[in-house]
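Q: Have a look at this fold, sequence not included:
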C-alpha cells in the first residue's frame, strides 16, 4: 500500500461530505480538571450509525467500480462496520451480505437490519470477528462477490482519517496529544497519518483492550502477530489479527501504545453515564479509559 497522504484524506472527506456528520468536538471540564489538561472528546457516538466506521465503509463502497458493485458487497464485522456497510448499501442501492459473530449483541444486529433494509442479508457465524471474516472470504470465493475489508484497506483507512481532518480543522497545531482506539487499526492508521503529516510534534497514542492487544504484540515482535485467543468484551475492538497495512502505518506514525484492562473500561463507561450523560459501548470508552495511563504526560496539554 502506498503511504496515505493528506490529499487522499481530503478526497475522502469530499466524497463523504453529504454522508457523514462533522461530529462535535466537546471540551470536557470534568476530565480537564481531573488530569490538569485541556481535554476534548470527539463525539463519533453521534455519527450516523453511531460510530466512525460509516466513514470508511462508505468511502470504500462508493469507490468501487460498477463491475465490483454488480457482484454484490460482502463484509465481516462485529457490529459497527456492519452498520456502516448496511447504511452504504441502502444509500447506494447495492445488495450486500454481512457476516457477524454469533456473539454480536442483538441490538447491533437489529441496527444493521434497520440501516440496510431490503438491500442486506445477515449471516451469523463463529464466536469472533476473525471467524466471521473467514466465513465471508469463503463466501467470496464461492460467489465471486466483492469483499470490503473493515480496516486493512486503503479507502477505509482514508475514510477513518477524516476524523482527524475534522479535529485538526477545529484545533489546528494547538493539539498536543491524541488518543485513538485500536481494533484492526484502521482508525489509528488514518488519523495518525493525517496528524503526523500536518505536525510531527503531535503525540499519537493508540489504545487497545488488554484482552485483544494485537497491535501492541505485533509492534513488539516487529511483524503482524495473530493472537491465539481474545476477550470479546470490547467487541468493537476485539480482533485477533491486525492488518498488515494498518500495522505498517501504525509502526511509522504511532508514538505509543497503551493497554487498558477491561475492568477499567467498565468503570469509564459508568463514569461517562453518571457524570456526562454519555452512553457508550466499551470500544467508545476505550481511549478515554487510557487517560490514567498517560496522566503524567498530558498535564497542561491539549488532548483529544
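A: Arrived safely. What you are looking at is a predicted structure, and each value in this text was computed from that prediction instead of being measured.
Q: For stretch 295-304, buried residues please.
A: By 16 or more other Cβ atoms under 10 Å, the buried positions in stretch 295-304 come out as 298, 301-304. Yep, even glycine has a C-beta here, placed from its N, CA and C like the rest.
Q: whoops, stretch 94-112 was the one
A: For stretch 94-112, a neighbour-count test (16+ other Cβ under 10 Å) marks 94-101, 103-104, 108-109, 111-112 as buried.
Q: Which of the residues you listed fall within strands?
A: Within the buried residues of stretch 94-112, residues falling in strands by DSSP state E are 96-100.
Q: so can I have TSV of these showing pLDDT?
A: Shown next, in TSV, are these (pLDDT from 0 to 100):
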residue	pLDDT
96	98
97	98
98	98
99	98
100	97
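Q: tell me the contacts of the most centrally placed residue in the chain?
A: In the chain, the centroid-proximal residue (Cα atoms, centre = their mean) is residue 187; its distance is 4.4 Å. Listed by Cβ atoms under 8 Å, 6 or more residues apart in numbering, the contact set of residue 187 reads 52, 151, 160, 163, 180-181.
Q: Show me the strands in the protein, by range?
A: Counting by DSSP E, the strands of the chain are 25-27, 38-42, 73-76, 96-100, 120-124, 146-147, 177-181, 203-209, 256-260, 302-303.
Q: Which one of the ones in strands among the buried residues of stretch 94-112 is nearest to residue 144?
A: Using Cβ to Cβ, residue 97 comes nearest to residue 144 of those, at 12.2 Å.
Q: Quick check: beta-bridge partners of the closest one?
A: For residue 97, the beta-bridge partners are residue 74, residue 121 (DSSP bridges).
Q: Let me know whether it touches residue 74 as I believe.
A: Yes. Residue 97 lies in contact with residue 74 (Cβ atoms under 8 Å); the separation is 5.0 Å.
Q: Show me the common contact partners of the two, please.
A: When contacts are counted by Cβ under 8 Å, 6+ apart, residue 97 and residue 74 are jointly contacted by 136, 139, 145.
Q: need the contact list for the residue nearest to the second one when sequence neighbours are not counted.
A: Once flanking residues are discounted, residue 139 sits nearest to residue 74: 5.8 Å by Cβ to Cβ, 6 or more residues apart in numbering. Counting by Cβ under 8 Å, 6+ apart, residue 74 touches 96-99, 136, 139-140, 143, 145-148.
Q: Kindly recompute the last result at 6 Å.
A: Taking Cβ atoms under 6 Å, 6 or more residues apart in numbering, we find residue 74 in contact with 97, 136, 139-140, 145, 147.
Q: Could you do residue 241 as well?
A: Counting by Cβ under 6 Å, 6+ apart, residue 241 touches residue 226.
Q: Closest to residue 231 out of the contacts of residue 74?
A: Distances from residue 231 to the contacts of residue 74, taken by Cβ to Cβ, are shortest for residue 136, at 22.4 Å.
Q: okay, the closest one: pLDDT?
A: pLDDT for residue 136: 97.
Q: any idea how far residue 73 is from it?
A: Separation of residue 136 from residue 73 (Cβ to Cβ, to the nearest Å): 11 Å.
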